[in-house]
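Asker: dropping the sequence and predicted coords here.
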Amino acid sequence: MQNPSPRPPAPDPDDRAAAEVTGDAPTVVVLGGTGCIGRHICAAFAGHGYRVVTVARHPAPRVTPHPHRSLDLRTAGPPVLRALFDDERADVVVNATDMAGATDTTGAADGGEARAAELLDANEGLSRRLVDALTGAVRTPRLVHIGTIHEYGPGDSGVPLHEDVEPAPVNAYARAKLAGSRAVLDAARSGAVNAVVLRLVNTCGPYPTPAGFAGKLLPTLRAAAVAGEPPAITVGDAMRDWIDVRDIAEAAVLAARRPVSGHAFNIGSGVCVSMRDLVGHALAAAGLPDSGVRESTGQLRSLGADWIQADIGRARALLGWSPLVPLKQSLRDMWDAGETSR
């Protein structure tokens, strides 16, 4: 679908031993390295010979190959972060956090002024503290910040979203993510830090977040398989761009290594797929019939627009990156992995 010769499916990042590294290997510190995207980013960097350090409040039992630093990133100030980066001799820092728990409904992401303030502090607040920490760090690490396609807002149906689109997010979650990305980009463009932003479309693949559509779909399919009955699934009349988490991880590695500070990059498949087709592919991967799937006659609430497709030309040109895992393969690997991230 994207590329007729995809890379072989990556091993489970939690079960794979970290690549052997030498004493002079570069170090990457992955904030949120135990999460659904962070764990794959850790595996990709390890596969490229990096020493990987994960940072989160608690280590994940299954994410074992890498050293872990327990830290509450919601409250850690610039001096604590700077000391962490200096102590680990970080060459790269990846912010793979989704600090306030994104969901796929505007109800949860736009739940009043208090929720909006929490989202803003968790995203923009962390970005600004990272910028302050990196400004005074000994080794001046490259920062790769993970954003979202929803920062642009709905866009126009049939028109792929380009990085030069003026952002106009429509809910508290997207506004908070945009504020975080802008804090990083403004600092990079001023020369204060060496940083890039990756804006991701909807994600799929092994161990999806339970907050997203793919992560909610997987247990539904599992329950149907156990019951021996077709699942009852309602999907909206929407078109979305989907990207495999392993393609995201490779984009993060390339973004860490290319001299492209101050840029934002869309990371997606560049292909728009109907939600009905997505669910059909997932059912086929699970060996289940699609007779229980129906389309909603009304609009289902979502973080994004009814039509989302990323223009990925900048990532191809400046990062040398292209998506390699086809959607059907991604969904088969998600089914085979068998569970969401924790």
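Answerer: Noted; the coordinates are in hand. Numbers count the residues shown, from 1 in each chain.
Asker: ok, now which ones touch the residue sitting nearest the centre point of the chain?
Answerer: Taking C-alpha atoms, centre = their mean, the centroid of the chain lies closest to Ile37, which sits 5.0 Å from it. Taking C-beta atoms under 8 Å, 6 or more residues apart in numbering as the criterion, Ile37 is in contact with Ala96, Asp98, Ile146, Leu200, Thr203, Thr209, Val245, Ile248, Ala249. In short, each C-beta sits where N, CA and C put it, glycine included.
Asker: I'd like to know which of these is nearest to Val193.
Answerer: Ile146 (15.6 Å; C-beta to C-beta).
Asker: the closest one should be in a strand, yeah?
Answerer: Yes. Counting by DSSP: H, G, I helix; E, B strand; the rest coil, Ile146 is found in a strand.
Asker: sketch out the low-pLDDT regions of the protein for me.
Answerer: Of all residues in the chain, those with pLDDT under 70 make up the ranges 1-23, 61-64, 99-111, 295-304, 342.
Asker: let's see 50
Answerer: 1-11, 14-19, 100, 102-108, 300 (pLDDT under 50).
Asker: tell me which residue of it is furthest from the middle?
Answerer: Outermost residue of the chain (C-alpha atoms, centre = their mean): Gly228, 32.9 Å.
Asker: next one: that residue from Pro326, what distance?
Answerer: 29 Å (C-beta to C-beta, to the nearest Å).
Asker: what ranges do the helices span in the chain?
Answerer: 38-47, 78-88, 106-109, 112-120, 126-135, 172-189, 213-227, 245-257, 275-286, 313-314, 327-337 (DSSP state H).
Asker: can you name the residues bridging to Val94?
Answerer: Val30, Val144 (DSSP bridges).
Asker: ok, it - contacts?
Answerer: Applying C-beta under 8 Å, 6+ apart, the residues near Val94 are 28-31, 33, 38, 41, 45, 143-144, 146, 252, 256.
Asker: from these, which is closest to Asn266?
Answerer: Among the contacts of Val94, and counting by C-beta to C-beta, the member closest to Asn266 is Ile146, at 12.4 Å.
Asker: which residue is the nearest non-sequential neighbour of the closest one?
Answerer: With sequence-adjacent residues excluded and distances taken as C-beta to C-beta, 6 or more residues apart in numbering, Ile146 is closest to Ala96, at 5.1 Å.
Asker: if I look at that neighbour, how far off is Val245?
Answerer: 10 Å.
Asker: these two: which is more packed in?
Answerer: Val245 (30 against 27; other C-beta atoms under 10 Å).
Asker: for the more buried one, which residues are in contact?
Answerer: Cys36, Ile37, His40, Thr203, Cys204, Gly205, Pro206, Tyr207, Pro208.
Asker: who's in contact with the nearest residue to it once chain neighbours are set aside?
Answerer: In space, Val245 comes closest to Gly205 once its chain neighbours are excluded; the distance is 4.0 Å by C-beta to C-beta, 6+ apart. By C-beta under 8 Å, 6+ apart, the residues touching Gly205 are His40, Ala214, Asp244, Val245, Arg246, Val325, Ser330, Asp333, Met334.
Asker: again with Pro160
Answerer: Contacts of Pro160 (C-beta under 8 Å, 6+ apart): Gly270, Gln309, Ala310, Asp311.
Asker: at 6 Å what do you get?
Answerer: Listed by C-beta atoms under 6 Å, 6 or more residues apart in numbering, the contact partners of Pro160 are Gln309, Asp311.
Asker: gap between Val271 and Met239?
Answerer: Taking C-beta to C-beta, one finds Val271 at 10 Å from Met239.
Asker: circling back: among the contacts of Gly205, which one sits closest to Ala114?
Answerer: For the contacts of Gly205, the nearest to Ala114 is Ala214 (28.8 Å; C-beta to C-beta).
Asker: just give me the neighbour total for that closest one.
Answerer: That count, for Ala214 with other C-beta under 10 Å as the rule, works out to 23.
Asker: and what of Arg222?
Answerer: Around Arg222 there are 15 residues (other C-beta under 10 Å).
Asker: ok, back up a step: turn the contacts of Gly205 into JSON lines, including distance to Phe85.
Answerer: Putting the contacts of Gly205 into JSON lines (distance: C-beta to C-beta, whole Å) gives the following:
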{"residue": "His40", "distance to Phe85": "22"}
{"residue": "Ala214", "distance to Phe85": "32"}
{"residue": "Asp244", "distance to Phe85": "29"}
{"residue": "Val245", "distance to Phe85": "25"}
{"residue": "Arg246", "distance to Phe85": "26"}
{"residue": "Val325", "distance to Phe85": "31"}
{"residue": "Ser330", "distance to Phe85": "33"}
{"residue": "Asp333", "distance to Phe85": "33"}
{"residue": "Met334", "distance to Phe85": "33"}
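Asker: now, among the contacts of Val245, which is nearest to Asn194?
Answerer: Of the contacts of Val245, the one sitting nearest to Asn194 (C-beta to C-beta) turns out to be Ile37, at 21.5 Å.
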